[in-house]
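Peer 1: Just the structure for this:
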Amino acid sequence: MRASDVLANYELLAGTVAHMVALAADRQWEHLPALDARCTALFDELRDPPAESLLPRELERLMQLTSRIRGHQEKLQQLVQPRFVQLPAALRAQAHEHPPA
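Peer 2: Numbers count the residues shown, from 1 in each chain. Modelled structure (predicted):
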């Protein structure tokens, strides 16, 4: 993978996580799994180091993107975590409303 490919993938990852934050803020939960899968695929591609070294300006951009991604991940966790806390109660309520036949 070339350095430009690495930066392009980080740009995509940052944009995807930012989009996930926006969707979670709007409570559009149904869209998050597909975007999470996209993030996982991008992250898997980034596991292999680039074949060429990053230039100082590329490395600086990479650090900016990494910081932005971390911030978005923290915000996403703040938005999603309460949903996971509520999930067991919601499942129990649904089970009582629609018991198995």
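
Peer 1: which residues are contacting stretch 14-28?
Peer 2: 29, 31-32, 35-36, 38-39, 42, 65, 68-69, 72-73, 75-76, 79-80 (CB atoms under 8 Å, 6 or more residues apart in numbering). (C-beta placed from N, C-alpha, C; glycine too.)

Peer 1: hmm, 10 Å instead?
Peer 2: Contacts of stretch 14-28 with the rest of the structure, by CB atoms under 10 Å, 6 or more residues apart in numbering, involve 29-32, 34-36, 38-39, 41-42, 64-80, 83.

Peer 1: and if you look at stretch 70-87?
Peer 2: 13-27, 29, 32, 36, 39, 90.

Peer 1: can you check stretch 46-65 too?
Peer 2: With CB under 10 Å, 6+ apart, stretch 46-65 has contacts from 1-7, 9-15.

Peer 1: Buried ones among these?
Peer 2: Ala3, Val6, Leu7, Asn9, Tyr10, Leu12, Leu13, Ala14 (16 or more other CB atoms under 10 Å).
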